[in-house]
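Enquirer: Structure, please.
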Amino acid sequence: MRLVHINKSDTSGGASVAAVRIVKSLIENGVDAKLLTAEKNSDFSWVKSITSSKINNLKSKFYFISDVMRFLPYEKSKQVRFAFSTGRSGFDISQQPDVLSADIIHLHWFNQGFLSIKGLEKVLKMGKPVVWTLHDMWSFTGGCHYSGDCLNYTKNCGFCHFLKNPAKDDISFSQFNLKNKIYTDTQLFPVTCSNWLAQIAKQSELLKNRPVTSIPNPIDIEIFKPTDKSEARQKLGLPKDKKLILFGAANVTDPRKGMNYLFSALNQLIEKSDNNMELVIFGKKSEEILKNIHLPVHTFNYISNTETLVNLYNATDVFVLPSMEDNLPNTVMEALACGLPVAAFQIGGVPEMVSHLENGYLAPSGDSSELAKGINYLINNNETNNFRLKARQKVETNFARHIIAKKYKTLYETILNK
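Expert: Below you'll find the model as predicted:
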């Protein structure tokens, strides 16, 4: 059984992290698998980049700019610029050697200039089984990655709220129908990282007749594990006598990540605390946003070093996820694996990882007061050690690499046997 996985990058963003972990888990369990990307930054021999040549590297940059520029005439505001992908520019990977030799093609996230909708069509029409791990909703919408309250994807997109001039036959309508056309008569097998996304996908017009499977992302529990808190703080230069609250994402300024709700919750806590709390943030951000919070902040940029990330989870007292929309966030799984309890809103696939009052605290969506209550509960509760133990146990039981690799192997074998 020979597999090729497709993802735009091997390091940038949550889907990249998940794709690399899945492929690595499969290889460790005897599966012949490779990862084909546009951007390669790791030193894994099984990651192959189609932009290793100078001309393809230039093409990749051009396709990215072109894909973003195509949406500019339609976008409602800059805030939604990367929340909607047109899928109009990208490579034809159908003739790549690893794609041609694969028994199964496994797609992940390929927007922003790697694979266009037409490029996707060429892959689907090769006559091979195509597994597609959905890291968001784009596969079954007219272009948005998360639809919010909009349910148009259950019938037919149009009147898209991401557009400045929504209409019945707008760009979301045309892209929705283009996807519907290219999905016809193909061996497409969607996989979702969470049961939440699986249920939504099954309700969508584009995937409702497909065999949607739910398999969570894996994590290396030998790397992401509990360590000594004092040592972790010393390595990072963090204070030893403070309650440290951790928040992070690839881009923390993304409105979907809910930073405003976090700041609202923290400002409520400040009024009642004895000034023993401090905030730790990692990820892409703007220093301007930090003016909205009135307590000491320790900032880290986008972290590519795994050891630093593990130290952050072990150095802090609680991880906060104020996201309003999310699938199965890697950050939550990483925190739990390190024995760090999580305070989050009860949205998306988060409840599949965080059990209320067992390994974390789930607040009603958008309720910053309840989120503040959860943060306070987790950093001051006498049962902190029990929370940490159960956080670790949740990951060991459900998300360890060998468990997920076995589930994917079973899926592949079932598909090939059919």
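
Enquirer: Would you confirm that residue 172 contacts residue 138?
Expert: No - with contact defined as C-beta atoms under 8 Å, residue 172 does not count as touching residue 138 (11.3 Å). The C-beta positions use only the backbone N, C-alpha and C, and glycine is treated the same way.

Enquirer: which residues do these two both contact?
Expert: residue 144 (C-beta atoms under 8 Å, 6 or more residues apart in numbering).

Enquirer: neighbour-wise, which of the two wins?
Expert: Ranked by neighbour count (other C-beta atoms under 10 Å), residue 172 and residue 138 place residue 172 first, with 28 against 22.

Enquirer: The more buried one: what secondary structure?
Expert: helix (DSSP: H, G, I helix; E, B strand; the rest coil).

Enquirer: Can you tell me the closest non-neighbouring residue to it?
Expert: residue 142 (2.9 Å; C-beta to C-beta, 6 or more residues apart in numbering).

Enquirer: The one you found: how many residues sit nearby?
Expert: Counted with other C-beta under 10 Å, residue 142 comes out at 28.

Enquirer: give me every residue that touches it.
Expert: 152, 153, 157, 158, 160, 171, 172, 173, 174, 175, 176, 179.

Enquirer: again with residue 72
Expert: residue 81.

Enquirer: mind checking how far it is from residue 160?
Expert: 15 Å (C-beta to C-beta, to the nearest Å).

Enquirer: Likewise for residue 43?
Expert: Between residue 43 and residue 160 the computed distance is 41 Å (C-beta to C-beta).

Enquirer: Of these two, which one has the most company?
Expert: Applying other C-beta under 10 Å to residue 43 and residue 160 shows that residue 160 carries more neighbours, namely 26 against 7.

Enquirer: if we can go back for a sec, and the contacts of residue 142, which is closest to residue 63?
Expert: Set against residue 63, the nearest of these by C-beta to C-beta is residue 175 (16.9 Å).

Enquirer: give the contact list for the closest one.
Expert: Applying C-beta under 8 Å, 6+ apart, the residues near residue 175 are 86, 87, 117, 142, 143, 157.

Enquirer: how about the helix or strand hosting it as PDB, C-alpha atoms only?
Expert: Assessed by DSSP states H and E, residue 175 sits inside helix 171-183. In PDB, the C-alpha atoms belonging to helix 171-183 read as follows (Å, rounded to 0.1, in the frame of the first residue of the first chain):
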ATOM      1  CA  ILE A 171     -18.900  33.900  -6.300                       C
ATOM      2  CA  SER A 172     -19.800  31.500  -3.400                       C
ATOM      3  CA  PHE A 173     -22.700  30.200  -5.600                       C
ATOM      4  CA  SER A 174     -20.500  29.600  -8.600                       C
ATOM      5  CA  GLN A 175     -17.800  27.900  -6.600                       C
ATOM      6  CA  PHE A 176     -20.300  25.700  -4.800                       C
ATOM      7  CA  ASN A 177     -21.700  24.500  -8.000                       C
ATOM      8  CA  LEU A 178     -18.200  24.000  -9.500                       C
ATOM      9  CA  LYS A 179     -17.300  21.700  -6.600                       C
ATOM     10  CA  ASN A 180     -20.600  19.800  -7.000                       C
ATOM     11  CA  LYS A 181     -19.700  19.200 -10.600                       C
ATOM     12  CA  ILE A 182     -16.100  17.900 -10.000                       C
ATOM     13  CA  TYR A 183     -17.100  15.700  -7.100                       C
END
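
Enquirer: Pull the distance from that helix to the chain's centre.
Expert: Centroid separation for helix 171-183 versus its chain: 24 Å, with C-alpha atoms, centre = their mean, to the nearest Å.

Enquirer: helix or strand right after that helix?
Expert: Taking DSSP H and E, what comes next after helix 171-183 is strand 188-192.

Enquirer: how about the next helix or strand along the chain from that following strand as PDB, C-alpha atoms only?
Expert: Scanning forward in sequence from strand 188-192 by DSSP H and E, the next helix or strand is helix 195-203. Only the C-alpha atoms of helix 195-203 are listed here, as PDB (Å, rounded to 0.1, in the frame of the first residue of the first chain):
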ATOM      1  CA  ASN A 195     -17.200  14.300  15.300                       C
ATOM      2  CA  TRP A 196     -18.600  17.900  15.300                       C
ATOM      3  CA  LEU A 197     -17.300  18.500  11.800                       C
ATOM      4  CA  ALA A 198     -18.400  15.100  10.700                       C
ATOM      5  CA  GLN A 199     -22.000  15.900  11.600                       C
ATOM      6  CA  ILE A 200     -21.800  19.200   9.700                       C
ATOM      7  CA  ALA A 201     -20.300  17.600   6.700                       C
ATOM      8  CA  LYS A 202     -23.000  14.900   6.600                       C
ATOM      9  CA  GLN A 203     -25.600  17.800   6.500                       C
END
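
Enquirer: For the helix or strand that helix 195-203 is followed by, what does the pLDDT average out to?
Expert: Next along the chain after helix 195-203, taking DSSP H and E as the criterion, comes strand 213-214. Mean pLDDT, strand 213-214: 97.

Enquirer: same for the helix or strand that strand 213-214 is followed by, what does it pack against?
Expert: With elements assigned by DSSP H and E, the helix or strand that comes after strand 213-214 is helix 229-236. Judged by 3 or more C-beta pairs under 8 Å, 6 or more residues apart in numbering; DSSP states H and E, helix 229-236 is in contact with helix 306-315.

Enquirer: buried sites along the helix it packs on?
Expert: For helix 306-315, the neighbour count (16 or more other C-beta atoms under 10 Å) marks 309, 310, 311, 312, 313, 314, 315 as buried.

Enquirer: Show me the helices in this structure, by range?
Expert: Taking DSSP state H as the criterion, the chain carries its helices at 14-28, 54-71, 97-100, 117-124, 171-183, 195-203, 229-236, 259-272, 306-315, 330-337, 368-380, 384-398, 401-417.

Enquirer: Alpha carbons only: can I get the third one in CSV?
Expert: Taking Å, rounded to 0.1, in the frame of the first residue of the first chain, the C-alpha atoms of helix 97-100 are listed here in CSV:
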residue,chain,number,x,y,z
PRO,A,97,5.7,10.8,-9.7
ASP,A,98,4.5,10.2,-6.1
VAL,A,99,0.9,11.0,-7.1
LEU,A,100,1.1,8.7,-10.1
